[in-house]
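Here is a sequence with its predicted model. Questions after.
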Amino acid sequence: MRIFVAGATGAIGRPLISALVAAGHDAIGMTTSEDGLRTLRDKGADGVVVNALDSSGIKSAIEKVRPDAVIEELTSLPRKYTPEEMRAAAPRDHKLRLEGGRNVQDAAQGAGARRYIVQSTGFFYAPGPGLAAETDPLAMNASPAIAGSVRTYMQIEERVLGAPGLEGIALRYGFFYGPGTYHDLASGSVTEQVRKREYPVIGSGQGVYAFVHVEDAAAATVAALEGDPGVYNIVDDDPSELEVWLPAFASAIGAPEPPRISEEDALKTAGPDSVYYATQLRGASNLKAKRQLGFAPRRLEWLAKRSATA
């Protein structure tokens, strides 16, 4: 199958290109730099240098490729995962996902692509009992920045899933970990903060985080090329409360026990979004992806290490 990947050199794009090539697909990645183009070619793929906000450039590139399917993995996130950096990046990230994504989808439809896969969120479900299924509501009433992100994701899903004549799929990924991610155990931004005891357990620490290894996310995305249209949670089998996963993460990297602070103190120092993450996040169920895509994620790495040494 001929596949065009928008956002091909990001955290998910790099392993996705490798997985597509390994599966025998003809992969063409979109990047914004010559360095990115060399990376794609080193992985056995072809590539184009174009910015997603350049609508005419995108149209021309996709018309030349004439892909069977397009995978949209557009993001513009900061190097460091901190409340301040994430807030500063939000406007450009939302613009890229909404305007750039629209440009890519319009070009894909114009070029006759039949299938379109887009990145969405598997960790912003509204609070409720148990793990959230794909039919459960997203957190529209969360803290301000999270609610803004939810609105962006909902617009993206509506754009893709509601497009006539297009087989639309929204993959609700969990928090990425693994090489090149914020939760890379060797060099990730979160890893560095945990080593410096700058990443605390806030309040009860009962917010449930849904993670997925970036290579497992890539494998699920390749499988989605043949799956039924719709929405899928792409998360691992270990949704865990902050007070569980964060100490295990610290132990896995040889860091000290994370500090604990009150919600009141966190509101003053980190803001309401950090408190929401720590206390209100709801985990997601991967049963649909397992059943329909053959999804088989690995154990969450730092919990597996803790189990092995217990």
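Thanks, I have the structure now.

The closest residue to Gly294 other than its chain neighbours in helix, strand or coil?
Once flanking residues are discounted, Gly294 sits nearest to Ala223: 5.9 Å by Cβ to Cβ, 6 or more residues apart in numbering. For the C-beta atoms, the positions are set from N, CA and C on the backbone; glycine is no exception. Assigned with DSSP: H, G, I helix; E, B strand; the rest coil, Ala223 falls in the helix class.

How far off centre is the helix or strand containing Gly148?
Assessed by DSSP states H and E, Gly148 sits inside helix 144-161. On the basis of Cα atoms, centre = their mean, to the nearest Å, helix 144-161 sits 13 Å off its chain's mean C-alpha point.

so what does whichever helix or strand comes after it touch, helix or strand wise?
Where DSSP H and E defines the elements, the next helix or strand beyond helix 144-161 is strand 167-173. Applying 3 or more Cβ pairs under 8 Å, 6 or more residues apart in numbering; DSSP states H and E, we find strand 167-173 packed against strand 115-121, helix 144-161, helix 214-224, strand 230-234.

Format these as JSON lines; extra columns: mean pLDDT.
Shown next, in JSON lines, are these (pLDDT from 0 to 100):
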{"stretch": "strand 115-121", "mean pLDDT": "98"}
{"stretch": "helix 144-161", "mean pLDDT": "96"}
{"stretch": "helix 214-224", "mean pLDDT": "98"}
{"stretch": "strand 230-234", "mean pLDDT": "98"}
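
so which of the ones you listed gets nearest Glu264?
With Cβ to Cβ, the closest approach to Glu264 among these belongs to helix 144-161: 18.2 Å.

ok, and what's touching that closest one?
72, 86-87, 90, 94, 97-98, 101-102, 105, 116, 118, 120-121, 124, 138-142, 166, 168-170, 229-231, 272-273, 276-277 (Cβ atoms under 8 Å, 6 or more residues apart in numbering).

Quick check on those residues: which are buried?
By neighbour count, with 16 or more other Cβ atoms under 10 Å, the contacts of helix 144-161 hold 72, 86, 90, 94, 97-98, 101-102, 105, 116, 118, 120-121, 124, 138-139, 142, 166, 168-170, 231, 272-273, 276-277 as buried.

got the phi/psi numbers for Phe4?
phi -100, psi 130 (degrees, to the nearest 10).

Run through the bridge partners of it.
In this entry, Phe4 is beta-bridged to Ile28, Val70, by DSSP bridges.

if I look at it, how far off is Arg291?
28 Å (Cβ to Cβ, to the nearest Å).

And the two? Which one has more around it.
Per other Cβ atoms under 10 Å, whichever of Phe4 and Arg291 has more neighbours is Phe4, with 30 against 10.

That one against Thr31, yeah?
No - using Cβ atoms under 8 Å, Phe4 is not in contact with Thr31, being 11.9 Å away.

Overlap in contacts, these two.
If you check Phe4 and Thr31 against Cβ under 8 Å, 6+ apart, no residue is contacted by both.

ok so, going back, want to throw the helices and strands packed on strand 167-173 into CSV with distance to Ser187?
Formatted as CSV, these follow (distance: least, Cβ to Cβ, whole Å):
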stretch, distance to Ser187
strand 115-121, 23
helix 144-161, 25
helix 214-224, 14
strand 230-234, 24
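
Would you tell me which of these gets closest to Ala23?
Of the helices and strands packed on strand 167-173, nearest to Ala23 by Cβ to Cβ is helix 214-224, at 5.4 Å.
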